[in-house]
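J.: can't give you the sequence, but here's the structure:
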(Lines give C-alpha, C1' and ligand atoms only; values in the text may rest on other atoms or scores of the structure.)
Protein backbone atom coordinates (compact mmCIF):
# COMPACT_ATOMS: atom_id res chain seq x y z
CA UNK A 1 0.00 0.00 0.00
CA UNK A 2 1.36 3.41 -0.97
CA UNK A 3 2.37 5.77 1.80
CA UNK A 4 0.34 8.96 2.18
CA UNK A 5 1.71 12.09 0.56
CA UNK A 6 3.81 13.70 3.34
CA UNK A 7 3.77 17.26 2.01
CA UNK A 8 0.54 18.34 3.72
CA UNK A 9 2.04 17.22 7.04
CA UNK A 10 5.31 18.98 6.30
CA UNK A 11 3.45 22.20 5.55
CA UNK A 12 1.30 21.88 8.66
CA UNK A 13 4.35 21.31 10.87
CA UNK A 14 6.20 24.26 9.36
CA UNK A 15 3.21 26.53 9.99
CA UNK A 16 2.80 25.23 13.55
CA UNK A 17 6.47 25.91 14.26
CA UNK A 18 6.23 29.44 12.85
CA UNK A 19 3.21 30.12 15.07
CA UNK A 20 5.05 28.79 18.15
CA UNK A 21 8.02 31.06 17.47
CA UNK A 22 6.06 34.21 16.75
CA UNK A 23 6.14 35.35 20.37
CA UNK A 24 9.84 34.83 21.06
CA UNK A 25 11.91 37.69 22.42
CA UNK A 26 15.00 38.58 20.41
CA UNK A 27 17.32 37.00 22.99
CA UNK A 28 15.46 33.68 22.79
CA UNK A 29 16.35 33.35 19.15
CA UNK A 30 19.98 32.97 20.25
CA UNK A 31 19.16 29.91 22.39
CA UNK A 32 21.48 27.00 21.47
CA UNK A 33 19.52 24.38 19.55
CA UNK A 34 19.98 20.61 19.64
CA UNK A 35 22.09 21.00 16.48
CA UNK A 36 25.61 21.55 17.73
CA UNK A 37 26.83 25.09 17.06
CA UNK A 38 23.51 26.35 15.73
CA UNK A 39 21.07 28.67 17.50
CA UNK A 40 17.31 28.39 17.20
CA UNK A 41 17.44 31.15 14.60
CA UNK A 42 20.17 29.32 12.66
CA UNK A 43 18.09 26.14 12.46
CA UNK A 44 15.05 28.02 11.18
CA UNK A 45 17.20 29.76 8.56
CA UNK A 46 18.60 26.36 7.55
CA UNK A 47 15.08 24.97 7.11
CA UNK A 48 14.24 27.93 4.89
CA UNK A 49 17.36 27.53 2.80
CA UNK A 50 16.75 23.81 2.30
CA UNK A 51 13.19 24.43 1.09
CA UNK A 52 14.51 26.73 -1.64
CA UNK A 53 17.11 24.40 -3.17
CA UNK A 54 16.13 21.98 -5.91
CA UNK A 55 18.33 19.17 -7.17
CA UNK A 56 20.14 21.26 -9.79
CA UNK A 57 20.67 24.15 -7.42
CA UNK A 58 21.99 21.84 -4.72
CA UNK A 59 24.70 20.36 -6.91
CA UNK A 60 25.59 23.80 -8.18
CA UNK A 61 26.02 25.08 -4.63
CA UNK A 62 27.97 21.95 -3.66
CA UNK A 63 30.40 22.43 -6.52
CA UNK A 64 30.66 26.15 -5.82
CA UNK A 65 31.59 25.43 -2.20
CA UNK A 66 34.33 22.93 -2.94
CA UNK A 67 32.05 19.92 -2.37
CA UNK A 68 31.73 20.88 1.29
CA UNK A 69 28.24 20.09 2.59
CA UNK A 70 29.01 22.10 5.73
CA UNK A 71 29.87 25.20 3.67
CA UNK A 72 26.62 24.87 1.71
CA UNK A 73 24.70 24.75 4.99
CA UNK A 74 26.58 27.71 6.48
CA UNK A 75 26.01 29.81 3.35
CA UNK A 76 22.32 28.93 3.36
CA UNK A 77 21.95 29.99 6.98
CA UNK A 78 23.77 33.27 6.36
CA UNK A 79 21.54 34.00 3.35
CA UNK A 80 18.26 33.27 5.15
CA UNK A 81 18.83 34.72 8.63
CA UNK A 82 17.91 38.16 7.33
CA UNK A 83 18.39 41.40 9.23
CA UNK A 84 16.38 40.42 12.32
CA UNK A 85 14.60 37.46 13.93
CA UNK A 86 11.33 38.80 12.53
CA UNK A 87 12.90 38.65 9.07
CA UNK A 88 14.09 35.09 9.68
CA UNK A 89 10.58 34.06 10.70
CA UNK A 90 8.94 35.82 7.77
CA UNK A 91 11.25 34.04 5.33
CA UNK A 92 10.40 30.71 6.94
CA UNK A 93 6.66 31.38 6.69
CA UNK A 94 7.22 32.10 3.03
CA UNK A 95 8.37 28.53 2.33
CA UNK A 96 5.75 26.73 4.43
CA UNK A 97 3.99 25.27 1.40
CA UNK A 98 7.15 24.68 -0.65
CA UNK A 99 7.76 21.19 -2.04
CA UNK A 100 11.18 22.15 -3.42
CA UNK A 101 13.99 20.13 -1.90
CA UNK A 102 17.53 18.86 -2.51
CA UNK A 103 17.99 15.32 -3.87
CA UNK A 104 16.85 12.55 -1.56
CA UNK A 105 13.79 10.52 -0.52
CA UNK A 106 10.76 12.59 0.43
CA UNK A 107 10.77 11.09 3.94
CA UNK A 108 14.02 13.00 4.48
CA UNK A 109 12.07 16.26 4.43
CA UNK A 110 9.32 14.92 6.67
CA UNK A 111 12.11 14.03 9.10
CA UNK A 112 13.63 17.49 8.80
CA UNK A 113 10.27 19.12 9.55
CA UNK A 114 9.86 17.08 12.74
CA UNK A 115 13.44 16.74 14.00
CA UNK A 116 14.55 20.30 13.29
CA UNK A 117 11.35 21.62 14.83
CA UNK A 118 12.28 19.77 18.02
CA UNK A 119 15.87 21.01 17.71
CA UNK A 120 14.33 24.44 18.21
CA UNK A 121 11.36 23.74 20.48
CA UNK A 122 12.96 21.48 23.06
CA UNK A 123 15.66 23.92 24.28
CA UNK A 124 13.03 26.67 24.40
CA UNK A 125 10.68 24.56 26.50
CA UNK A 126 7.96 24.57 23.84
CA UNK A 127 5.90 21.39 23.64
CA UNK A 128 4.09 20.24 20.53
CA UNK A 129 2.11 17.14 19.60
CA UNK A 130 3.23 15.71 16.27
CA UNK A 131 1.17 13.19 14.26
CA UNK A 132 2.27 9.84 15.65
CA UNK A 133 2.12 8.13 12.28
CA UNK A 134 4.49 10.73 10.85
CA UNK A 135 6.99 10.33 13.71
CA UNK A 136 6.94 6.54 13.32
CA UNK A 137 7.31 6.88 9.55
CA UNK A 138 10.48 8.94 9.97
CA UNK A 139 11.83 6.40 12.49
CA UNK A 140 11.18 3.61 9.99
CA UNK A 141 13.01 5.58 7.33
CA UNK A 142 16.03 6.44 9.47
CA UNK A 143 16.53 3.03 11.10
CA UNK A 144 18.03 1.56 7.92
CA UNK A 145 20.11 4.56 6.87
CA UNK A 146 23.59 5.82 7.72
CA UNK A 147 23.26 8.76 5.32
CA UNK A 148 24.33 12.08 6.89
CA UNK A 149 23.22 11.39 10.49
CA UNK A 150 24.28 7.73 10.81
CA UNK A 151 21.19 6.28 12.50
CA UNK A 152 21.68 2.66 11.42
CA UNK A 153 25.13 2.49 13.02
CA UNK A 154 24.00 4.38 16.13
CA UNK A 155 21.20 1.92 16.95
CA UNK A 156 22.92 -1.29 15.84
CA UNK A 157 22.54 -4.16 18.32
CA UNK A 158 19.78 -2.45 20.32
CA UNK A 159 16.09 -3.27 20.72
CA UNK A 160 14.11 -0.06 20.46
CA UNK A 161 10.56 -0.10 21.80
CA UNK A 162 8.11 2.82 21.72
CA UNK A 163 5.83 2.96 24.74
CA UNK A 164 3.09 5.16 23.26
CA UNK A 165 2.53 3.46 19.89
CA UNK A 166 3.06 0.08 18.23
CA UNK A 167 6.63 0.49 17.04
CA UNK A 168 9.81 -1.47 17.71
CA UNK A 169 13.04 -2.29 15.96
CA UNK A 170 16.13 -4.45 16.36
CA UNK A 171 17.43 -7.01 18.81
CA UNK A 172 19.65 -6.67 21.86
CA UNK A 173 19.59 -4.59 25.06
CA UNK A 174 16.33 -2.69 25.25
CA UNK A 175 15.81 1.04 24.89
CA UNK A 176 12.20 2.05 25.55
CA UNK A 177 10.27 5.28 25.78
CA UNK A 178 7.92 7.61 23.90
CA UNK A 179 8.19 7.68 20.11
CA UNK A 180 9.28 11.32 19.76
CA UNK A 181 12.34 11.20 22.05
CA UNK A 182 13.12 7.79 20.55
CA UNK A 183 13.26 9.37 17.10
CA UNK A 184 15.39 12.25 18.35
CA UNK A 185 17.81 9.84 20.02
CA UNK A 186 18.01 7.84 16.80
CA UNK A 187 18.94 11.09 15.04
CA UNK A 188 21.78 11.74 17.51
CA UNK A 189 20.08 14.27 19.79
CA UNK A 190 21.55 13.17 23.11
CA UNK A 191 19.32 15.28 25.44
CA UNK A 192 16.36 13.20 24.27
CA UNK A 193 17.97 10.06 25.71
CA UNK A 194 17.06 11.38 29.17
CA UNK A 195 13.44 10.47 28.32
CA UNK A 196 14.34 6.84 27.56
CA UNK A 197 15.13 3.88 29.79
CA UNK A 198 16.37 0.31 29.61
CA UNK A 199 19.57 -1.71 29.57
CA UNK A 200 20.60 -0.30 26.19
CA UNK A 201 20.43 3.38 27.12
CA UNK A 202 24.07 3.61 28.23
CA UNK A 203 25.21 2.09 24.93
CA UNK A 204 23.07 4.50 22.94
CA UNK A 205 24.36 7.44 24.95
CA UNK A 206 27.97 6.42 24.29
CA UNK A 207 27.58 6.57 20.52
CA UNK A 208 27.98 9.69 18.40
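T.: Thanks, I have the structure now. Since the model is a prediction, treat every value here as computed from it, not as a measurement. Residues are numbered from 1 along each chain as shown.

J.: Heading C-terminal from the helix or strand bottoming out on mean pLDDT in the chain, find the next helix or strand.
T.: Ranking every helix and strand in the chain by mean pLDDT, DSSP states H and E puts helix 55-64 at the bottom, with a mean of 63. The C-terminal neighbour of helix 55-64 among helices and strands, as given by DSSP states H and E, is helix 69-80.

J.: buried sites along that next one?
T.: For helix 69-80, burial by neighbour count (16 or more other CB atoms under 10 Å) applies to 72, 73, 74, 76, 77, 80. (Each C-beta comes from the backbone N, C-alpha and C, glycine too.)

J.: ok, now stretch 195-204?
T.: 196, 198, 200, 201, 203, 204.

J.: Can you get me the start-to-end distance on that stretch?
T.: 13 Å (CA to CA, to the nearest Å).

J.: What lies in contact with it?
T.: With contact meaning CB atoms under 8 Å, 6 or more residues apart in numbering, stretch 195-204 is reached by 154-155, 157-159, 161, 172-178, 181-182, 185, 193.

J.: now that stretch, how far from the chain's geometric center?
T.: Offset of stretch 195-204 from its chain centre (CA atoms, centre = their mean, to the nearest Å): 21 Å.

J.: quick check: mean pLDDT across that stretch?
T.: Averaging the model's pLDDT scores along stretch 195-204 yields 98.

J.: Against residue 43, how distant is the residue nearest to residue 45 when sequence neighbours are not counted?
T.: With sequence-adjacent residues excluded and distances taken as CB to CB, 6 or more residues apart in numbering, residue 45 is closest to residue 80, at 4.0 Å. For residue 80, the distance to residue 43 equals 11 Å [CB to CB, to the nearest Å].
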